[in-house]
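Peer 1: test case, fold it:
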Amino acid sequence: MKRRWIIRSFFIGLLLLCVGGWVYSGTHTGEINYVRNGCFVQCGTESGVVYVGSGGKRGAPGIANGCFFASISNASRDDALPARFWPLGPSQIPSFLGFFYARAAPTSFSVGGVDYASVPYWFLILLVSFALFVVWWKTRKSKPGRAFPVEMTAKKA
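Peer 2: Residues are numbered from 1 along each chain as shown. Model (predicted):
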C-alpha cells in the first residue's frame, strides 16, 4: 500500500507542478539559458506555454559560459503586459492552441539561427492527468474473490 501511494504521489506532484507553472507564467516570464562555446539552449515559460529554444553563436564571441536564470514580472516590463493565462505565443510566431515551432533566420546576434518549440500548459496538465489516471487504475487494490463461489458438479452417468 505504501509503494502504491509513493507512485501516485509522484504523478500528483507533477500535476501540481504543471498547474503552478501555468499560474506563474500568466504573471511572469521565466527563462533558463545554458551557454557553452557560443551555442545555447534555453527553456522558458510565458503566457501559458513552456518553450524550448536552441541556436548557435549567441551574442559576442567572448560571452561567458554557464547557466543563467531570469524571472521578470509582466507588470515591471516596459510594455506592462496584463496577466495572460491562455497560450498566445510570441506575437511574431504563429501558434495553434499554444503549440508552435519556428526557426528564426540567422542574424548578427545568432549566426546559426534559432529554433523554438512550445507546448501549452493545458496539454501538459491533460497528459499528466491521464498518466495519473492510468497509474491510479493500475495500482488500485485488487478486488477479493466472490464470497460464495459456485462449484460445478460432474454429471453422474
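Peer 1: distance of the closest residue in space to residue 139 that isn't next to it in sequence from residue 45?
Peer 2: Closest residue to residue 139 in three dimensions, ignoring its sequence neighbours and counting by Cβ to Cβ, 6 or more residues apart in numbering: residue 4, at 4.4 Å. C-beta: built from backbone N, CA, C; applies to glycine. Between residue 4 and residue 45 the computed distance is 32 Å (Cβ to Cβ, to the nearest Å).
Peer 1: who's more crowded, those two?
Peer 2: Taking neighbours as other Cβ atoms under 10 Å, residue 4 and residue 45 compare with residue 45 leading, 21 against 14.
Peer 1: now that one: how far from residue 29?
Peer 2: Shown here: residue 45 relative to residue 29, a distance of 7 Å by Cβ to Cβ.
Peer 1: pull out the buried residues from the helix or strand of the chain with the lowest mean pLDDT.
Peer 2: Taking mean pLDDT, DSSP states H and E as the measure, the chain has strand 100-104 as its least confident helix or strand, at a mean of 80. If you call a residue buried by 16 or more other Cβ atoms under 10 Å, then strand 100-104 has these buried ones: 100, 102.
Peer 1: what about it, distance to the chain center?
Peer 2: Relative to the centre of its chain, strand 100-104 is centred 17 Å away, using Cα atoms, centre = their mean, to the nearest Å.
Peer 1: I'd like the next helix or strand past it.
Peer 2: strand 114-120 (DSSP states H and E).
Peer 1: now do that next one: which elements does it pack against?
Peer 2: Secondary-structure packing of strand 114-120 (3 or more Cβ pairs under 8 Å, 6 or more residues apart in numbering; DSSP states H and E): strand 49-55, strand 100-104.
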